[in-house]
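In: build me a structure from this.
(one chain, ligands or ions: 1)
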Amino acid sequence: MIEVQRLTKRYGSTLAVDDLSFRVEPGRVTGFLGPNGAGKTTTLRAMLGLDRPTSGRVLIEGRPYEEHPRPLAAVGALLDARLLHGGRTARGHLLGLARSNRIPDTRVGEVLETVGLASVARKRAGGLSLGMSQRVGIAAALLGDPRVLLFDEPINGLDPEGIVWFRELARRLAGEGRTVLVSSHLMSETAQTADHLVVIGQGRLLAESSVDDFVARNSRSYILIRTPEPDRLRAVLMSEGVRTDDGPDGALEVSGTTLETVGALAAENQVTVYEISPRTASLEEAFMRMTAGSVEFRANGDTAPMPEVAR
Ligand SMILES: Nc1ncnc2c1ncn2[C@@H]1O[C@H](COP(=O)(O)OP(=O)(O)OP(=O)(O)O)[C@@H](O)[C@H]1O
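Out: Now for the predicted structure:
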């Protein structure tokens with residue numbers, strides 16, 4: 001379990017994290033989402049004791065990171081895979097980490113096997129692809145067999161097969177009862193990996209819910225209609241109590257009715273229609289709308305309420 005309690009981090013005049021509180025429960029994968037600069041990495045660094053918070057604190061399994069006698073056994077983290085030293089081999093890197101944390105050498109072979117790198121274990125890190133470096137970073141996170149795992153943008157550089165592999169690994173780790181936090185700026189990818197979501201923008205909490213609830217709330221279905229007579233069609237639909245909104249490029253977006261009803265009303269009233277098609281707003285759009293809202297609220301200096309997200 002991770003408990004972020006009223007965490008605030010200021011870098012000079014930049015408020016990177018602003019009074020942020022949330023919990024990450026064990027036994028499920030939690031996606032930590034936010035656009036670039038939202039404060040995800042800063043929060044993860046505070047979890048690992050790498051940055052001192054301006055105020056607030058983070059507890060890992062009930063205590064701050066620094067108070068764990070064997071930190072690698074409490075929490076494993078993948079932060080920036082590019083930090084791997086180019087001259088060392090993957091195996092050498094992991095052995096160094098294992099020895100400085102009183103972890104037996106045999107564990108290095110096990111984690112290399114888990115991440116599918118046993119065959120390149122003796123290759124110098126400088127010769128590894130970004131995807132392979134990510135896997136070395138993931139192996140390092142697993143080294144101490146920790147109860148809590150933090151992955152910052154883990155799928156960066158992974159090929160499609162690697163992405164599926166990571167997704168399964170994250171699920172397996174959560175299935176073993178561990179706490180798994182995966183940060184990302186990609187909504188749809190996260191929705192496929194995580195069970196639960198924590199969404200932040202400008203250092204503040206925007207949403208916290210199960211992925212299923214988030215999808216149900218934010219997957220808006222509507223009918224898109226292109227017509228040269230939008231005003232007339234809007235009037236026809238409104239007279240029948242059908243709600244219309246303005247869509248892109250003069251199109252209409254109609255919700256709360258069926259394709260057949262709209263088609264029949266257009267035909268009865270002899271309105272020319274170029275296109276009529278069912279649409280579902282993507283999760284990515286919902287996420288962008290949600291996080292764009294936070295930017296606007298902050299720019300106005302308001303305290304950020306939960307932005308309205310189209311249903
Ligand atoms: N060491 C630092 N010094 C000054 N400002 C910083 C520092 N680290 C982060 N920031 C600023 O704090 C804010 C949050 O950055 P952070 O890296 O935590 O966001 P993020 O959500 O992880 O984004 P990204 O996905 O781009 O890494 C940004 O405005 C960033 O420029």
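In: show me which residues of the stretch 101-250 of the chain sit near the ligand.
Out: Residues of the stretch 101-250 of the chain lying near the ligand by C-beta under 6 Å from any ligand atom: His185. All C-beta spots, glycine's among them, are computed from the backbone N, C-alpha and C.
In: what ranges do the strands span in the stretch 101-250 of the chain?
Out: Using DSSP state E, counting those that start in this stretch, the strands of the stretch 101-250 of the chain run over residues 148-152, 179-184, 196-201, 204-210, 221-226, 243-246.
In: which residues touch whichever residue of the stretch 101-250 of the chain sits closest to the ligand?
Out: Using C-beta to the nearest ligand atom, the closest approach of the stretch 101-250 of the chain to the ligand is made by His185 at 5.4 Å. Neighbour list for His185: Leu33, Gly34, Pro35, Asn36, Ala38, Lys40, Glu153 [criterion: C-beta atoms under 8 Å, 6 or more residues apart in numbering].
In: of those, which belong to helices?
Out: Lys40 (DSSP state H).
In: confirm Gly76 sits in a strand?
Out: Yes: with DSSP: H, G, I helix; E, B strand; the rest coil as the criterion, Gly76 is located in a strand.
In: who touches it in this structure?
Out: With C-beta under 8 Å, 6+ apart, Gly76 has these contacts: Ala140, Ala141, Leu142, Leu143, Gly144, Pro146, Val148, Leu149, Leu150.
In: give the contact list for the fourth one.
Out: With contact set as C-beta under 8 Å, 6+ apart, Leu143 has these partners: Leu72, Gly76, Leu94, Leu97, Ala98, Asn101, Ile103, Arg107, Val108, Val111.
In: adding mean neighbour count, write the strands of the stretch 101-250 of the chain out as TSV.
Out: Below are the strands of the stretch 101-250 of the chain laid out as TSV (neighbours: other C-beta atoms under 10 Å):
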stretch	mean neighbour count
strand 148-152	24
strand 179-184	24
strand 196-201	24
strand 204-210	18
strand 221-226	18
strand 243-246	14
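In: in ChimeraX, how would I select just the buried ones from the contacts of Leu143?
Out: Buried members of these can be picked out in ChimeraX with the line below, counting by 16 or more other C-beta atoms under 10 Å:
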select :72,76,94,97,98,103,107,108,111
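In: now the two most distant members of the contacts of Leu143.
Out: Greatest spatial distance in the contacts of Leu143: Gly76 and Val108, 13.8 Å, computed using C-beta to C-beta.
In: can you check what pLDDT the model gives the closest residue in space to His68 that isn't next to it in sequence?
Out: Spatial nearest neighbour of His68, excluding adjacent residues (C-beta to C-beta, 6 or more residues apart in numbering): Ala74 at 4.1 Å. Here, the pLDDT recorded for Ala74 equals 93.
In: how about the contacts of His185 in CSV, adding pLDDT and neighbour count?
Out: What follows is the contacts of His185, written out as CSV (pLDDT from 0 to 100; neighbours: other C-beta atoms under 10 Å):
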residue, pLDDT, neighbour count
Leu33, 95, 28
Gly34, 92, 26
Pro35, 88, 19
Asn36, 87, 7
Ala38, 94, 25
Lys40, 96, 24
Glu153, 92, 20
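In: out of the contacts of His185, which comes closest to Thr258?
Out: Leu33 (33.5 Å).
In: quick check: that closest one vs Thr291, distance?
Out: For Leu33, the distance to Thr291 equals 8 Å [C-beta to C-beta, to the nearest Å].
In: mutual contacts of the two, please.
Out: Joint contacts of Leu33 and Thr291 (C-beta under 8 Å, 6+ apart) are Val199.
In: least trustworthy helix or strand in the protein by mean pLDDT?
Out: None of the helices or strands of the chain scores lower by mean pLDDT, DSSP states H and E than helix 283-299, at a mean of 68.
In: look at Lys9 and give its secondary structure.
Out: strand.
In: tally of neighbours for it?
Out: Close neighbours of Lys9, defined as other C-beta atoms under 10 Å, add up to 22.
In: one more: Gly175?
Out: 12.
In: same question, Arg63
Out: 11.
In: ok, Ile155 next?
Out: Ile155 has 22 nearby residues by other C-beta under 10 Å.
In: give me phi/psi at it?
Out: Dihedral pair for Ile155: phi -90, psi 0, per degrees, to the nearest 10.
In: let me see the contact set for it.
Out: Taking C-beta under 8 Å, 6+ apart as the test, what Ile155 contacts is Gln134, Gly162, Ile163, Phe166, Ser184, Leu186, Glu189.
In: output those residues in CSV; the columns should cover pLDDT.
Out: Converted to CSV, these look like this (pLDDT from 0 to 100):
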residue, pLDDT
Gln134, 88
Gly162, 91
Ile163, 93
Phe166, 95
Ser184, 92
Leu186, 87
Glu189, 86
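In: ok, and the most crowded of those?
Out: So for the contacts of Ile155 (other C-beta under 10 Å), the most neighbours sit at Gln134, 25 neighbours.
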